[in-house]
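Student: for reference, the sequence and a predicted model appear below.
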Amino acid sequence: MLFRIFLIILFASLNKAFAYPNFIGKGYHNCLTCHYNPFGNGPLNDYGRGVAASGLAGRLLIPKSVSDEKLSNISGFFFNKQDKQFLKPSLDYRGGNIYSDLQAEESEDKWINMQMDISISAVFGKRKEYVTTYTHSIVPSNSIPSGKAEYEVEAGEDLTYSREHYIGYKHTNTLAFYLGKMDKVFGIRVPDHTAYSRYTTGNNQYGAVHGAMVHHYKENYDLGFQIYLGDMEKTEDYQYQGFTTKFEYSVNDKFRPGISYMSESNDLTEKTAYSASAKVRVGKGSSIMAEMGRVTDTPEGLDPTTQQFIFLQNHFYLTRGLYFVTTYENLNTDITNDDETHRFAPGVLYFPLQRVEIRADLYTSKTYAEGVTTKDTWQFLGQVHIWF
């Protein structure tokens with residue numbers, strides 16, 4: 001039961017469509033190309049909306065008489081032309097059905113309203129050197145059945161909070177500064193917040209922090225450094241102060257390795273994390289991503305504990321908008337022993353047309369401990385995402 005609740009809470013955090021680093025398979029190495037946030041996630045910029053409509057999403061129910069150029073031109077908020085809008089609003093809804101304990105005689109299923117976001121962004125200045133964005137989120141109570149202690153939300157209450165808000169300044173063509181609440185600059189920012197690489201490092205849906213970030217970039221690399229004070233919307237025990245940094249370099253148009261490091265603490269715990277990652281373009285539109293890292297927690301007065309995670313995911317292009325996705329994960333919660341959990345998930349990701357995403361994943365998990373092996377657990381996760 002606890003695992004089911006845990007899975008529901010984490011799965012409920014899947015985020016924006018086309019915020020996927022897998023699209024290195026389409027030649028997109030740099031997140032800044034399509035996002036206001038230079039390391040991905042959050043609202044799409046005008047180019048990102050346009051390329052999603054004209055090159056990434058499918059054309060289900062769209063007549064041949066409507067060109068891709070036309071789709072790009074009306075990819076703004078509620079089908080408006082993007083160049084006519086100074087303020088760039090967006091709305092997001094994501095819901096899904098979770099079938100738990102498929103291996104049991106009586107499995108359970110439940111519909112979850114996962115995401116309800118409203119965002120507004122703007123780019124301004126003579127050189128369009130300034131960008132600002134704000135996203136307000138509502139997490140319905142059925143997505144957090146046991147409440148959310150970090151935000152002092154009791155069971156049965158909805159959580160409302162700022163997902164992110166920041167202002168950025170592009171000082172030169174290769175250097176930019178950001179101030180506000182943003183996701184931590186660490187690892188591969190996959191949208192699957194259930195991934196061990198996301199939640200063990202504290203970089204899931206609720207991991208954004210208030211701070212300042214510097215982004216130095218060129219066509220073939222990105223370097224980010226972020227210093228932060230924690231998430232001021234959380235209670236004091238859940239606010240971590242520290243810094244994180246990430247470097248990615250494109251060796252060629254098919255291979256982009258990276259490294260990340262993070263150090264943070266509060267009055268109760270110190271945490272350090274590091275990882276090595278790689279994104280690889282394979283064939284026509286397909287990709288493979290891998291990340292391996294360790295996270296060390298040192299509670300006050302106690303010995304440190306180090307976890308190790310492995311993330312591996314392929315994104316196999318079938319036809320425009322349709323992908324077969326397979327994910328393998330491994331987690332060792334304490335590297336001083338051999339206990340570990342393996343998780344494998346084949347699935348399908350489909351963008352039938354812009355503003356619509358459909359995804360289905362079948363998860364199987366197995367844990368090995370000293371002298372004990374658990375039975376396989378199975379869950380089916382299906383979701384739909386609609387945005388404007």
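Tutor: Structure's in. What do you need? Numbers count the residues shown, from 1 in each chain.
Student: CA atoms of the strand or helix carrying F225 as PDB?
Tutor: F225 belongs to strand 221-230 when assigned by DSSP states H and E. C-alpha atoms of strand 221-230 as PDB (Å, rounded to 0.1, in the frame of the first residue of the first chain):
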ATOM      1  CA  TYR A 221      28.300  23.100 -24.800                       C
ATOM      2  CA  ASP A 222      26.300  24.300 -21.800                       C
ATOM      3  CA  LEU A 223      27.800  25.200 -18.400                       C
ATOM      4  CA  GLY A 224      25.500  26.100 -15.500                       C
ATOM      5  CA  PHE A 225      26.200  27.100 -12.000                       C
ATOM      6  CA  GLN A 226      23.400  27.700  -9.500                       C
ATOM      7  CA  ILE A 227      23.500  28.900  -5.800                       C
ATOM      8  CA  TYR A 228      20.300  28.700  -3.800                       C
ATOM      9  CA  LEU A 229      18.600  29.300  -0.500                       C
ATOM     10  CA  GLY A 230      16.000  26.600  -0.800                       C
END
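Student: isn't V153 right next to P145, touching?
Tutor: No. Look at V153 against P145 with Cβ atoms under 8 Å: they stay out of range, at 11.3 Å. Placement of C-beta: from N, CA and C, glycine included.
Student: looking at those two, which has the bigger crowd around it?
Tutor: Taking neighbours as other Cβ atoms under 10 Å, V153 and P145 compare with V153 leading, 18 against 14.
Student: hey, what's that one bridged with?
Tutor: Applying DSSP bridges to V153 yields these beta-bridge partners: K148.
Student: and the pLDDT for it?
Tutor: You'll see V153 listed with a pLDDT of 89.
Student: same question for S13.
Tutor: For S13, pLDDT reads 37.
Student: tell me which other helices or strands the strand holding F225 touches.
Tutor: Here strand 221-230 touches strand 209-218, strand 241-249, going by 3 or more Cβ pairs under 8 Å, 6 or more residues apart in numbering; DSSP states H and E.
Student: what's in contact with the shortest one?
Tutor: This means strand 241-249. If you take Cβ atoms under 8 Å, 6 or more residues apart in numbering as the criterion, strand 241-249 is touched by 29, 39, 184-187, 220-230, 256-266, 271, 277.
Student: what do you get for stretch 329-343?
Tutor: Contacts of stretch 329-343 (Cβ under 8 Å, 6+ apart): 195-197, 200, 294, 305-312, 327-328, 344, 363-370.
Student: ok, now stretch 108-120?
Tutor: Contacts of stretch 108-120 (Cβ under 8 Å, 6+ apart): 4, 8, 11-15, 42-43, 87-101, 133-140, 142-143, 163, 383, 385.
Student: let's see it as PDB, backbone CA atoms only.
Tutor: As requested, the backbone C-alpha atoms of stretch 108-120 are provided in PDB (Å, rounded to 0.1, in the frame of the first residue of the first chain):
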ATOM      1  CA  GLU A 108      -6.800  -1.600  -8.300                       C
ATOM      2  CA  ASP A 109      -7.200   1.400 -10.600                       C
ATOM      3  CA  LYS A 110      -7.700   5.100 -10.000                       C
ATOM      4  CA  TRP A 111      -7.900   8.200 -12.100                       C
ATOM      5  CA  ILE A 112      -5.600  11.000 -10.900                       C
ATOM      6  CA  ASN A 113      -5.700  14.700 -11.900                       C
ATOM      7  CA  MET A 114      -2.000  15.100 -12.100                       C
ATOM      8  CA  GLN A 115      -1.300  18.500 -13.400                       C
ATOM      9  CA  MET A 116      -3.200  21.800 -13.500                       C
ATOM     10  CA  ASP A 117      -0.800  24.700 -14.400                       C
ATOM     11  CA  ILE A 118      -1.200  28.200 -15.600                       C
ATOM     12  CA  SER A 119       1.900  30.000 -16.900                       C
ATOM     13  CA  ILE A 120       2.800  33.300 -18.400                       C
END
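Student: how far is it from where the chain is centred?
Tutor: Chain-centre distance of stretch 108-120: 15 Å, with Cα atoms, centre = their mean, to the nearest Å.
Student: try stretch 94-111
Tutor: For stretch 94-111 - counting by Cα atoms, centre = their mean - the centre lies 23 Å from the chain centre.
Student: hmm, back to that, using neighbour counts, trim the contacts of stretch 329-343 to the buried set.
Tutor: Buried subset of the contacts of stretch 329-343 (neighbour count, 16 or more other Cβ atoms under 10 Å): 195-197, 200, 294, 306-311, 327, 344, 363, 365, 367.
Student: those residues in helices, which ones?
Tutor: Among these, the members found in helices (DSSP state H) are Y196, S197.
Student: between the buried ones among the contacts of stretch 329-343, which is nearest Q379?
Tutor: Nearest to Q379, judged by Cβ to Cβ, of the buried ones among the contacts of stretch 329-343 is Y363 at 4.6 Å.
Student: surely that closest one and P346 touch.
Tutor: No. The criterion here is Cβ under 8 Å, and Y363 misses it with P346 at 9.2 Å.
Student: could you give the mean pLDDT of stretch 202-220?
Tutor: For stretch 202-220, the per-residue pLDDT averages 94.
Student: can you give me the buried ones in that stretch?
Tutor: Those would be 202-215, 217, for stretch 202-220 by 16+ other Cβ under 10 Å.
Student: sheet partners, orientation included, of the strand or helix carrying A122?
Tutor: Secondary-structure element containing A122, defined by DSSP H and E: strand 108-124. Sheet pairing of strand 108-124 (DSSP bridges) gives strand 87-100 (antiparallel), strand 130-139 (antiparallel).
Student: tally of neighbours for Y249?
Tutor: For Y249, the count of nearby residues is 15 (other Cβ under 10 Å).
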